[in-house]
Structures are given as C-alpha cells and as structure tokens.
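Student: from the sequence below, what's the structure:
(2 chains)
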Protein chains: 2
Amino acid sequence: MKEVLGYIDDNNDKFLGELVEFLKFPSVSTRERNKKDVLDCANWLKDNIISSGFETVEVIETSGHPIVYAEWLGAGADAPTVLIYGHYDVQPEDPINLWKSPPFEPTVRDGKLYGRGTADDKGQVFAHVKGAESHFKKNGKLPVNVKLLIEGEEESGSTALMEFLPKNADKLKCDTILISDTSWFADEIPSIVYSLRGIAVIEMTLTGPNRDLHSGQYGGAVPNPANELCKLIAKLHDEDGKVTIKDFYTNVVELGAEETKALESLPFNEKDYTEELGLNGLTGEKGYSTVLRASSRPTLDINGMFSGYTDEGHKSIIPSSATAKISMRLVPDQTWQEITDKAISHIKSLVPDFMHVEIHGHHGGNPVIAAIDSPGVKAASIALETAFGFKSVNMREGGSIPIVEMFQAELKAPAVLMGLGLDGDNIHSPNEKFNLSHYFGGIKASALFLEEFAKVSK
Amino acid sequence: MKEVLGYIDDNNDKFLGELVEFLKFPSVSTRERNKKDVLDCANWLKDNIISSGFETVEVIETSGHPIVYAEWLGAGADAPTVLIYGHYDVQPEDPINLWKSPPFEPTVRDGKLYGRGTADDKGQVFAHVKGAESHFKKNGKLPVNVKLLIEGEEESGSTALMEFLPKNADKLKCDTILISDTSWFADEIPSIVYSLRGIAVIEMTLTGPNRDLHSGQYGGAVPNPANELCKLIAKLHDEDGKVTIKDFYTNVVELGAEETKALESLPFNEKDYTEELGLNGLTGEKGYSTVLRASSRPTLDINGMFSGYTDEGHKSIIPSSATAKISMRLVPDQTWQEITDKAISHIKSLVPDFMHVEIHGHHGGNPVIAAIDSPGVKAASIALETAFGFKSVNMREGGSIPIVEMFQAELKAPAVLMGLGLDGDNIHSPNEKFNLSHYFGGIKASALFLEEFAKVSK
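Tutor: Coordinates of the predicted model:
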C-alpha cells in the first residue's frame, strides 16, 4: 500500500486537473436544455475511467440520461466484489449572481475547489476512480473485484437507474455497495452514515382568473391565487411545527432512547451552527433537538415559489396563477409514494372551490437504514482513520440518495456510506466547494478501503 | 362642429397610423432600463402635438421622467380653460409569452388595436390630442383655452408630477381638469367616474439562512423564509376577507344607502363577469356585493412573489429569502402614507424573531372624490352621448390615478373622468387592447367636450 499512497501524493496536480475537466460540464440533469452536456460528461468520464486502468467501460443508454458502468473482475470469482456508486449529474447553478467564481469554471481559493458538483458528487465519486487508478498504476491490479456505477440522474430522481437495477441485478452482484455522497458530522469528524432520509417532491399551481388582472379594477372582487397559495401553504404546518398532512406521521418509527442518546452526544454547537448560517435563531418541530430535526424527523419545505410580477419595480396586478415547489424529507418507514399521495390529496382538500389547482408529484426516494456492523463499515472506518488521521463516527444524514434503498433490496448487499464532504460545502447552493485535502484524502481512503475490504472479507 | 366631426371621420387612417407610432415606444416607467425609451417617447409626442396645431409645447425635465406640456390660450382670458391630463408611460409587458402579438408592435384584429398602452393610457390621451387637432385644422382655433399635461410616471407613482404641480399651480390654472384614463361600466354604457380608489404599495423580503441550503442536510432545523412568508401573508386577511392590518379601516367612510343603491342598480351580471374571467366563483369581503368590492372597498393583493428555485424541474433547497410585492387599494378617507405606515408596522410585528425582514413602501396615491354636478361633468355627458350614441352613467372606479386628488387640491378645479376604455381591455395584462370605435369615438368626444364646455361655462 505504501507505493499506492505514494503514487497519490505524487499525482495531486494531475488528479486536480482531471477533476477540473470533469467539473466543467454543466451536467444539470433536471433541465432539458442540458441534455447534451450530460451526455458529453458521461463520455468524458468513460474515457477517463479507461485511462485509469479499467478495461470494460460502457456508457449505457437509458430512458433518461446515460449510466456510466465499468468493471474489473481480475481478483477472481472467490474474491469479494465492491460496487462503487456515485453520480456525475449536478444541481442547477442558480442563483448564478451569488457565485464568486463561475459555477462551471472550477477555481481554487484557499485550499478549496469551488464549482458546481465539486462535493456533490463529482469530486467524491472521482476520488474512487483515482483510488482505483493508483492501485492499477502501482500494482497492475486491484485488491478486490470492483464494479463502478455512476449515474446521471441522481439530482432528478434516478428514474432510469431504478428501471435498470432490477433488470441487471446479476451484472451488479456484489458483497458491498460503497457510496461517497454524504458529509462528515463536522471538521475532523469523518462519518459513516447509517441512515438517509427519503424524499417526496410535489409541484402545485393555483389558478384564479384566466389572465393577470388590473388590481384596481378587479381587486377585492376576484380571488387572488398568490394570496390563496399563501393561505394554503400556511396550513401545512401547525403551531408546533408539525406537518398537518393527514396521516403524515403514521409510519414514522420513533428513535429508541439509546440511538437518540448516541446522536445527541455527537459534538454539536448550536450557537456556532446558527451564527454560521447568519440566523438569529432556529425553529422546527417541537420536542426535538436540532440534530434530530435535521436528520431523523420528516419535514416539509418550500423549495421555490413564484407568482405575478417579479421584475424590478412594481406592477399592479392580480396574478392569474401562483406556483410552489415543495419537498418533503422522509424517515423510516414512510415511503415516497405514500407521502406523495397523502400530500396531493390533502392539498386538494384545502383548495377553495373558486380556485383551479394543478398538482403533481415529481420523483421520490425512500428513506434507508444501513447496517453499522458490516465488513464494509469496518473497512471504511479503518480507511478513513488511516487516510485522514481522525477517528470516524456513525450518524444519520438528513439528505436523500433515493437509490440506496433499492440497491440494498435488489442486490442483497449492505451499503456503506463513506462520505468525504463537509456540511459547509454549500451543496445545492452557490459557491459549492470541496476541500482539496478531502479530495486527496478521499483518493487515499478509497484505495485503502479496497485493501481493507479484501482483508476483512477473508 | 359638423366640419370638425367630418374631419375626424375622414382621417381615421391617419389617426390610427400616428397612434401606432406612439405605441411602439416601450415607455415602461418603472424599469430603469427603459429610461431612454421613455424620453424618446416624450420627444415624439412633443413633435406630434406641434404638428397637431399647438404652438407652445415643451418636454419638461424632472427628477424622474419628463412631462410633456402644451398650451393654447387663444380663446382669451375671459374664456374658460380646460386642463387635459394623461400619461404616456405604460405598465411592463410581462408575461411576454402570453401576448398573441408583440406588445410593442401594435396590431389590429377584429376592430381592436392590440398593444401595451393602447387603452392605458396612450390611446385615451392621444384621442384628446387628435380632438384638438380636428378643431385646429377646421377652425384654426379651439372653442376654449386648453392646457395639455401628459406625464411619464403615472404607472410608477407620478413622483415628479407631485413635485411639479404645487410649484406650477399658476401655470396650470384652469376651470376643469379633463382626464380619460378609466373604463366604461360595460359595453354601450359610457361612464363618468366620480370616485377613484387610492393605492399604497409595499415590498418585503424575509431572509432566513445567509445562503440557499440543501433541504436534506438542513431541512427541519432551519427556518424557511418561503414558508414563513406564506404564514405571514395568510395572516393579512381574516376569515371574512377583511384586511387585518391594525386600524386599516379606521378612516374608511361607509357609503350612504342612496349611493349604495345607485351603484348596485347599475346593470351588472355576476355570472357573465365570473365566466369571462374563467372563474368558478368569486370571493371577497363579507357583506359587500361584487360591484362594491371592486370599487368602494379597500383591498390588499399580492402582485408578485418569488423565492428559491423557479426554473423548470426541481431543486432541493431551503431558499435564503422570499419576497412579496403587495398593493392595497384605498377608499376615502384613507391616505396612502397612513396605510403604508400601518402596513409596514403591522407586518414587522408579525415577523418571527428568527427571520430578518426588509420592508419598504413604494409610491402611493390617495383616493379621490370628484363632483358629479360640475359644468365639466355636464359637458362630458353630452359629449359622450353625442359621440357614441349611448347615455352615460356616473360610477366609482376601483383603479387609482394618484395625481387626481392633488390636481383638485392644488388647482381648486373639479376633475372630470371621461373614460374611453372597457373593463375587458386587459390593461396591465397581456393582450391589452383598445377598440378602434372607442378611439375614433373618443376623438369626437374630446372635440365635442371642448365645444360643450364653452357653452356650459357661459
């Protein structure tokens, strides 16, 4: 392993240069206009994986964006197999004006690489490609069999992968699923995530009059969809911060006392957290701490909202329509289909007769629980400590990776969420970044994981 | 008068061509980027007024957009003087994608001229320029002294005119103020408006976290400004549709039984009104009919609202901020300063401690009551009936022309609101239009008004 880690130290510049190339593609999967960029990105990634040492590499066409798949099975049928999963698509970059450097022109400042996708997930998944490369270049082989599956739709619901997975369970057969798409609990606290929240997404438009109306001529007599949308959304939480959708909490499994204690004993400073976000205070579901609210309780948030005149100055109208995009984060044993249906039906019941409503669910994903005592978790724990020099902790994560639950169910193998990011990486926000020390350390952690997984699987 | 009316009939094509030129300027006063267009429009208008027969025409610079002013005092010091007021600025054109023909490329379809400003107010004010032209061309003079004052900021609060007016009360001295910037009660019911609502406008932004946040990592723990904005706006009306701002109704003068009866006896078909707007039903302040709600009661409407991700698809964020643009229509004796102050102070009291708020008032205007028995009203009534062949009614209008109250107070002369538009003209909306029959009839009504005002003033 010494030579492998040495290769990594010697090739930081090369690894950074390649990641920068990878990040330049605006591979925004949710936007139709970036379809070609997503495809170009997949093809670039394929070429890079080939040059890294994998011989079997495919860009697999799907009903949506392509899947990049590679495998190296040279360790033999008796050796363990690791399936590494990640995604090369990214979140939209807006609001673009808040970026200090352009989102698709990656820029290093102060030891951090800024750009859309640096942490989520291009930087993290690419660390695995480079980890494997380091073994290939030094030893001509990997310590275990490796399958690489990098999709292009994680940020828009993994629809194609959800179709692909059950049909290709044999092809993807493995002993563990390794994923780096999460964050550490804090600086110097590497974390293995054993639970992810699920997600259900809906979009609704209320329509009143069939055109924007003069707010003087018609104001007072005609229902205003923007006012009505506000009234409706205000009804989706009660005074205790609980979501009011009928039967929303029915399937929620409350945490046990022991797990609650373990999570609440993680070193968390609420004052620092609040100040770093520029807030005067926090709020949320009554009866739960901030750590639990952000990781172990279901939520409902407006992600976007628009109606009427939104440009400079003022326009005296009653808008014809008002739209809200809403996401709900889910916890075991809620399911995204169940919650989507409940939300739609509840919201419809709140729409007054004089308003038209159009409402539909987007993609979704179920919450997931992973084992905390699998060989993969042991290997990840050693790899993180060796690569970074800090002991890792086990934690729940508030974000969602919709496909993880399906991976575990279809492949009958445990997932290991060995995150390399930090909460302050601004993922989904302007000025997303990835610390270079986390990138280079992550390449080492990946190389070490393969080595350790071979040992613990014996 | 026969020759004058004949001149109008003979010159319809010329009048239409000139109006089309006038309409091509995107003179949107609320948008900084259209400043040059507004100025160009003023200069074009000046040239047209000169060619119509006025000798003294000025483009007066102000702190904002210029005022176009012309006068003809050839009737002599003993003859009455009519001040004609209107505006050459227009509302923004968005949402642009809903226009059937481009907003600044005026197009005739089915006897109607479509384009931004056709009815509000370029078409209406230009009818007066052409009415005067018809007298000049046929008689070489006007029946009375005429002062033309056409401003460029009506749609953004008449700020410059409000400064100009008190300083130029002598220059503007007159016996009546004639304004065409309102609509008829219905097809075939020409209307003289004796009351306008006032307007107060505020804009507010709630800010939560200092950047957009990942709704998984932070959702549940961090306050969401979009959700909070909705909660706040929902509190601005009670269940009876009344505005809840503290002391909002204190200065409202309730209508007397006689006036209520007169207004409610105007021929209004609620079913047609509702259907034409594509609505299933109406709503509003409990205890008042639709006609009264739209003309004689104060209101609060969201005109525009935005937060977070508003593009195609979905983005899983807690937005950093959420903004609403709000207008309130006012009735006698509310004042816009009073209501702006009350609204700001009330809204501030509703903002939770954990949110930052920025809130400010835009321009405003006071409600106004005009005499219904002045010589000007008599002249307008005859002029409308002669020009269009229908008897006129007196009514209240829900819209606002902020400057009217100041005109009456500073010039000590009664205003006459001789509107030429229709409610279905889509003013402030896509596909604004002005019926050509109303334009040509309006030119006649203007020419007739001057003639009749000379008679009734004797």
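Student: so stretch A:177-197, near chain B or not?
Tutor: Yes - shown here: stretch A:177-197 in contact with chain B (Cβ under 8 Å from any Cβ of the partner chain) through A:183, A:197. The C-beta positions use only the backbone N, C-alpha and C, and glycine is treated the same way.
Student: just the endpoints, please. Distance across that stretch?
Tutor: For stretch A:177-197, the first-to-last residue distance is 18 Å (Cα to Cα, to the nearest Å).
Student: for stretch A:30-41, same thing?
Tutor: End-to-end span of stretch A:30-41 (Cα to Cα): 15 Å.
Student: how far does it sit from its chain's centre?
Tutor: On the basis of Cα atoms, centre = their mean, to the nearest Å, stretch A:30-41 sits 18 Å off its chain's mean C-alpha point.
Student: which stretches in the stretch 1-150 of chain A count as helices?
Tutor: Shown for the stretch 1-150 of chain A, the helices assigned by DSSP state H, counting those that start in this stretch span residues A:2-10, A:12-23, A:35-52, A:123-139.
Student: can you list the domain ranges for chain A.
Tutor: Structural domains annotated on chain A: A:2-196+A:367-456, A:199-252+A:298-364, as defined by automatic domain parsing.
Student: can I get the helices of the stretch 1-150 of chain A in a markdown table including mean neighbour count, mean pLDDT and distance to chain B?
Tutor: Formatted as a markdown table, the helices of the stretch 1-150 of chain A follow (neighbours: other Cβ atoms under 10 Å in any protein chain shown; pLDDT from 0 to 100; distance: least, Cβ to the nearest Cβ, whole Å):
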| stretch | mean neighbour count | mean pLDDT | distance to chain B |
| --- | --- | --- | --- |
| helix A:2-10 | 15 | 97 | 29 |
| helix A:12-23 | 17 | 98 | 18 |
| helix A:35-52 | 18 | 98 | 12 |
| helix A:123-139 | 25 | 98 | 14 |
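Student: residues contacting the residue in chain A sticking out farthest from the centre?
Tutor: Seen from the C-alpha centroid of chain A, the residue lying at the greatest distance (Cα atoms, centre = their mean) is A:Gln217, 47.6 Å away. Contact analysis of A:Gln217 by Cβ atoms under 8 Å, 6 or more residues apart in numbering or on different chains lists B:183, B:294, B:397-399, B:423, B:427.
Student: go again using 7 Å as the cut-off
Tutor: A:Gln217 makes contacts with B:183, B:294, B:398-399, B:423, as judged by Cβ atoms under 7 Å, 6 or more residues apart in numbering or on different chains.
Student: out of these, which touch chain A?
Tutor: Filtering these for neighbours of chain A using Cβ under 7 Å from any Cβ of the partner chain leaves B:183, B:294, B:398-399, B:423.
Student: give me the subset of those residues lying in strands.
Tutor: Mapping the ones next to chain A among the contacts of A:Gln217 onto strands (DSSP state E) picks out no residues; all lie outside.
Student: looking at the residues you listed, which is nearest chain A?
Tutor: Within the ones next to chain A among the contacts of A:Gln217, the smallest distance to chain A is 3.0 Å, found for B:Gly399 (Cβ to the nearest Cβ).
Student: any stretches of the stretch 51-200 of chain A with poor pLDDT?
Tutor: By pLDDT under 70, the stretch 51-200 of chain A contains no weakly predicted segment.
Student: chain B contacts on that one?
Tutor: Applying the criterion Cβ under 7 Å from any Cβ, the portion of the stretch 51-200 of chain A that neighbours chain B consists of A:91-92, A:94, A:156, A:183, A:197, A:199.
Student: who wins on neighbours among the residues you listed?
Tutor: Neighbours here mean other Cβ atoms under 10 Å in any protein chain shown. Within these, the largest count is held by A:Arg197, at 31 neighbours.
Student: quick revisit: looking at the helices of the stretch 1-150 of chain A, spot the one closest to A:Gly281.
Tutor: Each of these has some distance to A:Gly281 by Cβ to Cβ; the shortest is helix A:123-139, at 32.4 Å.
Student: let me have the domains of chain A in CSV, extended by distance to B:Asn43.
Tutor: As requested, the domains of chain A are arranged in CSV below (distance: least, Cβ to Cβ, whole Å):
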stretch, distance to B:Asn43
domain A:2-196+A:367-456, 35
domain A:199-252+A:298-364, 23
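Student: of the ones you listed, which is nearest A:Thr260?
Tutor: Closest to A:Thr260 of the domains of chain A is domain A:2-196+A:367-456 (Cβ to Cβ; 10.6 Å).
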